[in-house]
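1. starting from these lines, generate the structure:
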Amino acid sequence: MHTVAEILKSRQGTTLATLPPTATVREALQIMADRNIGSVLIVQGDALLGIFTERDYARRLVLKGLASADTLLADVMTTRLYVVNPHQTVQECLGVITKGRLRHLPVVDGGKLVGLVSIGDLVNAQLQAQRFMIEQMENYISGNLG
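-> Purely as a prediction, here's the structure:
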């Protein structure tokens with residue numbers, strides 16, 4: 001897998017975890033726990049407004065002593081978003097993640113939210129590509145070109 005589109009295609013059938021900004025942190029945490037994921041995208045209609053992550057929970061709620069049942073996502077979500085498009089390569093996305101010190105990248109195509117990739121998705125795709133290349137090189141060296 002060399003592009004974001006290929007990663008998203010391999011996960012077809014998976015629905016994005018989204019909530020409106022008026023939802024509570026408790027609702028986001030429940031979705032994250034139920035689905036064993038680390039973030040929820042915050043959307044209003046078709047507009048991507050932000051992301052709420054485990055890091056946001058730790059730094060913006062727990063450390064400030066706020067209650068998850070009473071706090072709205074709008075008040076604690078990350079609004080400075082780094083986004084990628086489906087045509088970007090895994091390498092480009094890893095660069096964005098490294099530079100921004102991120103764990104999740106929303107995928108936007110033509111202004112529309114189409115997916116989310118995590119650092120784990122990108123590292124796994126990179127490892128698959130490396131394994132494929134190694135197998136090809138081993139076959140070439142051993143003369144098994146078929």
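
2. when you work out contacts or count neighbours from here on, use the C-alpha atoms and nothing else.
-> OK.

3. what lies in contact with whatever helix or strand residue 130 lives in?
-> Using DSSP states H and E, residue 130 maps to helix 119-142. For helix 119-142, contacts defined as CA atoms under 8 Å, 6 or more residues apart in numbering pick out 1, 2, 7, 90, 91, 93, 94, 97, 102, 103, 104, 145.

4. go with 10 Å
-> 1-4, 6-8, 89-94, 97-98, 102-105, 118, 143-146 (CA atoms under 10 Å, 6 or more residues apart in numbering).

5. got it, and stretch 21-34?
-> Outside stretch 21-34, the residues that touch it by CA under 10 Å, 6+ apart are 17-20, 35-44, 49-54, 56-57, 61, 67-77.

6. for ChimeraX, what selects the buried ones among these?
-> Filtering the contacts of stretch 21-34 down to the buried ones (16 or more other CA atoms under 10 Å) takes a single ChimeraX command:
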select :17,18,19,20,38,39,40,41,42,43,49,50,51,52,53,56,57,61,68,71,72,73,74,76,77
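
7. show me where this protein has strands.
-> 18-19, 39-44, 47-53, 104-109, 112-118 (DSSP state E).

8. tabulate those in CSV, adding columns for mean pLDDT and distance to residue 82.
-> Output for the strands of the chain, formatted as CSV (pLDDT from 0 to 100; distance: least, CA to CA, whole Å):
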stretch, mean pLDDT, distance to residue 82
strand 18-19, 98, 17
strand 39-44, 97, 12
strand 47-53, 96, 10
strand 104-109, 96, 6
strand 112-118, 94, 11
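
9. right, and residue 109 touches residue 116 too?
-> No. Here residue 109 does not reach residue 116: they are 11.5 Å apart, not a contact under CA atoms under 10 Å.

10. identify the contacts common to these two.
-> 83, 84, 86.

11. so which of those residues sit within helices?
-> If you go by DSSP state H, the shared contacts of residue 109 and residue 116 have nothing in helices.

12. what's the burial count for the closest residue to residue 106 other than its chain neighbours?
-> Spatial nearest neighbour of residue 106, chain neighbours left out: residue 116 (4.3 Å); criterion: CA to CA, 6 or more residues apart in numbering. Using other CA atoms under 10 Å, residue 116 has 23 other residues around it.
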